[in-house]
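**Student:** here are the coordinates; sequence isn't available:
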């Protein structure tokens with residue numbers, strides 16, 4: 001009797017266990033669900049996103065070339081200025097004294113020239129006097145030679161006049177040399193005058209530089225100097241003001257990652273937003289891609305200049321802009337969600353890479369991909385596809401009209417974008433039963 005009861009219990013337990021296993025497997029299969037999305041047809045824009053700073057197209061840094069104490073500041077932030085307008089002034093007293101000293105040096109040099117000219121005139125007068133003495137000595141010596149020949153005077157008298165003649169000749173050479181020295185002194189004095197005049201001109205230029213003027217028409221966007229402040233101009237002129245030439249024509253200096261810079265070229269349209277005006281989009285155009293790279297923490301970027309019109313003047317220099325540059329546009333193309341390209345269904349993976357038909361060209365356009373569609377029985381089917389551009393959300397689907405998939409990969413076809421696993425598949429053991 002006991003044996004019969006024991007056997008009956010074993011049979012009941014086996015039936016219950018088998019039923020539980022069957023139910024769990026049936027529930028697991030029934031619980032597998034696929035998330036789908038339709039293949040759509042429409043336009044697509046491929047863009048590059050970056051951040052940058054709003055800057056004036058032309059801004060001039062105004063400094064000083066002389067050192068001193070700032071005596072007056074005539075402009076402030078946002079002041080409109082004209083080219084040549086006085087905007088600040090450095091105390092000119094020291095430079096005025098330098099001009100007076102240089103002027104005195106010029107006057108002294110000119111006086112030295114006058115003295116050298118007078119000395120030259122005196123030397124030329126001495127030449128005339130010595131030439132007269134030489135002529136008289138020459139006549140006297142010739143007369144004595146004639147008298148010696150006639151025996152009226154002794155030979156010694158002729159020798160004396162001959163010595164006087166030779167002395168007069170040497171005196172002429174000496175005073176002629178002095179004339180040359182006087183002429184050289186005149187040239188030296190004149191050169192000294194030119195040097196002093198140059199120093200005077202430099203002093204006057206330094207004096208004029210104490211008046212700091214605006215080089216362009218524009219608006220003051222930065223001022224770093226106050227009245228009474230001392231500025232020192234050494235190897236580099238200190239920056240006192242920054243003047244933007246035109247705030248109605250501005251640009252965004254956008255930092256483009258090196259992976260995207262190859263797609264940026266002048267002429268592309270760009271849109272950007274700023275935090276100051278949320279929800280508003282501004283339009284511009286890429287005017288330049290600068291070839292100088294910037295390396296910050298091993299991240300290499302390049303600057304793309306986006307020009308735009310700021311007619312309303314709402315955008316200010318220094319604002320941070322989030323830029324989106326449209327690099328490619330597609331119209332009326334099939335596009336599939338990017339999530340569908342990441343789906344992998346076990347057991348449906350092809351053993352080789354997706355390829356076209358055997359008679360297709362060796363190099364097909366686009367890159368290879370794989371998507372899954374549900375057949376009439378609700379079972380997934382894998383299709384190899386060729387992919388075009390992507391906007392980050394969807395990807396262009398390239399389907400040749402004569403391909404075998406052209407009748408399946410059409411607008412409205414449901415493509416698998418995700419798989420929901422059954423809850424029982426995540427358990428490590430079957431249901432527990434109490435005895």
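**Tutor:** Yep, it's here. Fair warning: this is a prediction, and the values are worked out from it, not measured in the lab.

**Student:** going forward, measure contacts and count neighbours with C-alpha atoms only.
**Tutor:** Will do.

**Student:** all strands for the stretch 1-150 of the chain, in order.
**Tutor:** 33-38, 40-56, 59-63, 68-73, 80-81, 86-90 (DSSP state E, counting those that start in this stretch).

**Student:** Now do the last one: everything it contacts.
**Tutor:** Spelled out, it's strand 86-90. Contacts with strand 86-90, where a contact means CA atoms under 8 Å, 6 or more residues apart in numbering, come from 68-75, 210-214.

**Student:** That strand: partners in the sheet, and parallel or antiparallel?
**Tutor:** When sheet partners are counted by DSSP bridges, strand 86-90 sits next to strand 68-73 (antiparallel), strand 211-213 (antiparallel).

**Student:** Of the ones you listed, which is nearest residue 59?
**Tutor:** Across the strands paired with strand 86-90, residue 59 has its closest neighbour in strand 211-213 (15.0 Å, CA to CA).

**Student:** Following the chain onward from the closest one, which element is next?
**Tutor:** Next helix or strand after strand 211-213 toward the C-terminus (DSSP states H and E): strand 218-223.

**Student:** Next, the angle from that next one to strand 59-63.
**Tutor:** 60 degrees (axes from the mean of the first three to the mean of the last three CA atoms, to 10 degrees).

**Student:** elements contacting strand 218-223?
**Tutor:** strand 80-81, strand 239-244 (3 or more CA pairs under 8 Å, 6 or more residues apart in numbering; DSSP states H and E).

**Student:** For the shortest one, give the mean pLDDT please.
**Tutor:** So that's strand 80-81. If you average the pLDDT over strand 80-81, you get 94.

**Student:** repeat for the longest one
**Tutor:** In this model, strand 239-244 has a mean pLDDT of 94.

**Student:** can you give me how far that strand is from the chain middle?
**Tutor:** Relative to its chain's centre, strand 239-244 lies at 18 Å (CA atoms, centre = their mean, to the nearest Å).

**Student:** where do the strands sit along the stretch 251-400 of the chain?
**Tutor:** 269-274, 282-296, 299-309, 320-337, 367-374, 380-390, 394-398.

**Student:** What residues sit buried inside the longest one?
**Tutor:** Under the neighbour-count criterion of 16 or more other CA atoms under 10 Å, strand 320-337 has 320-327, 333-337 buried.

**Student:** Mind giving me the packing neighbours of that strand?
**Tutor:** strand 40-56, strand 269-274, strand 394-398.

**Student:** That one: how far from the chain's middle?
**Tutor:** 27 Å.

**Student:** again, but for the first one
**Tutor:** Using CA atoms, centre = their mean, the distance from the centre of strand 269-274 to the centre of the chain it belongs to is 20 Å.

**Student:** try the second one
**Tutor:** If you compare the mean C-alpha spot of strand 282-296 with that of the full chain, they lie 8 Å apart, counting by CA atoms, centre = their mean.

**Student:** quick one: it to strand 299-309, angle?
**Tutor:** If you take the same axes, to 10 degrees, strand 282-296 sits at 160 degrees to strand 299-309.
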